[in-house]
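Colleague: Have a look at this fold, sequence not included:
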C-alpha cells in the first residue's frame, strides 16, 4: 500500500492570521510530505506494507512507528481546523466537557496548561476512553493515544515546527491562537 498526502480541506491561507500560509506550506507541504515519503520507503517487504496507519500505530516500533504515527497525527491535526469554526462545541460534547472540567473555559485552561507544559516535542490530545470519559493527554514525539486504546477527538501539535514561523518560541501564544480555528463541529462528530 502506498500512503498518499491527504488533501487540505481549506486553502493554505484560510487559517490566517492564526496559522499563516507560510506555516501551512512548511508544516503540511514539507514536514508531512517527508513523513509520507519516509513511510513509503520503510514499509516495502515488511509486515506493515499493506496495513492501515492505525495498525502501524498499534504494533510498529522505531522508524516505521514514528513516520506512520506522524502521518496519522498530522492528517488528523490538519483536519481539525476550519476557517469558519464555531466558538465552542455544542450538544453532547459541550455537556461532557462541562461535566468533566466545570466549564468550557476551564477545559481550555487545562488544555493550555498541558500543551504549554509538555517538555520537548509532541502532541496534546483531547481523548475519550472506552467508557466515553474525556481526558487531556500529552504524547511525546510521535505518540498517539490509539496505542493506549483511547479515541482521539482533537489535537494540538506542540512541535516547534508547528508554530515557530508565526510565534517563534511563544508556544503558549500559538496554543491560544489555535482555539480560533478548531472545527468544533468535526470534534463533536468524532465524539
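Modeller: Right, received. Where do you want to start? Only a predicted model underlies this, so the values are computations on that prediction, with no experimental measurement involved.

Colleague: ranges for the strands of this structure?
Modeller: 122-128, 134-140, 151-157 (DSSP state E).

Colleague: domain parsing for this structure?
Modeller: 21-78, 91-190 (automatic domain parsing).

Colleague: Now find how far off-centre the first one is within its chain.
Modeller: Centroid separation between domain 21-78 and its chain, computed with Cα atoms, centre = their mean, to the nearest Å, is 13 Å.

Colleague: now do the last one
Modeller: Relative to the chain's own centre, domain 91-190 is displaced by 8 Å; criterion: Cα atoms, centre = their mean.

Colleague: Residue 162: what's it in contact with?
Modeller: Contact analysis of residue 162 by Cβ atoms under 8 Å, 6 or more residues apart in numbering lists 23, 27, 174. Using the backbone N, CA and C atoms, a C-beta is placed for each residue, glycine as well.

Colleague: Which of those residues has the largest number of neighbours?
Modeller: Within those, neighbour counts (other Cβ atoms under 10 Å) peak at residue 174, which reaches 24 neighbours.

Colleague: Skipping adjacent residues, who's closest to that one in space?
Modeller: Excluding the flanking residues, the one nearest residue 174 by Cβ to Cβ, 6 or more residues apart in numbering is residue 163, at 3.5 Å.

Colleague: ok, now how distant is the one you found from residue 97?
Modeller: Distance, residue 163 to residue 97, by Cβ to Cβ, to the nearest Å: 24 Å.

Colleague: and if you look at residue 17?
Modeller: From residue 17 to residue 97 the distance is 26 Å (Cβ to Cβ).

Colleague: What lies in contact with the longest helix along the chain?
Modeller: Longest helix of the chain, by residue count under DSSP state H: helix 62-78. Helix 62-78 is contacted from outside by 3, 6, 8-9, 27-28, 31-32, 35-36, 38-39, 42-43, 46, 48, 53-54, 56-57, 60, 123, 141-144, 146, 152, 155-157, using Cβ under 8 Å, 6+ apart.

Colleague: cutoff 7 Å now
Modeller: With contact meaning Cβ atoms under 7 Å, 6 or more residues apart in numbering, helix 62-78 is reached by 3, 6, 8, 28, 32, 35-36, 38-39, 42-43, 46, 48, 53, 56-57, 60, 123, 142, 144, 152, 155, 157.

Colleague: same question, stretch 136-148
Modeller: 54, 57-58, 65-66, 69-70, 72-73, 110-111, 114, 118, 120-127, 152.

Colleague: First-to-last residue distance for that stretch?
Modeller: Its first and final residues considered, stretch 136-148 spans 13 Å by Cα to Cα, to the nearest Å.

Colleague: Pull out the buried positions in that stretch.
Modeller: By neighbour count on 16 or more other Cβ atoms under 10 Å, the buried set for stretch 136-148 is 136-139, 142-147.

Colleague: what's the average pLDDT for stretch 131-148?
Modeller: Mean pLDDT, computed over stretch 131-148, is 97.
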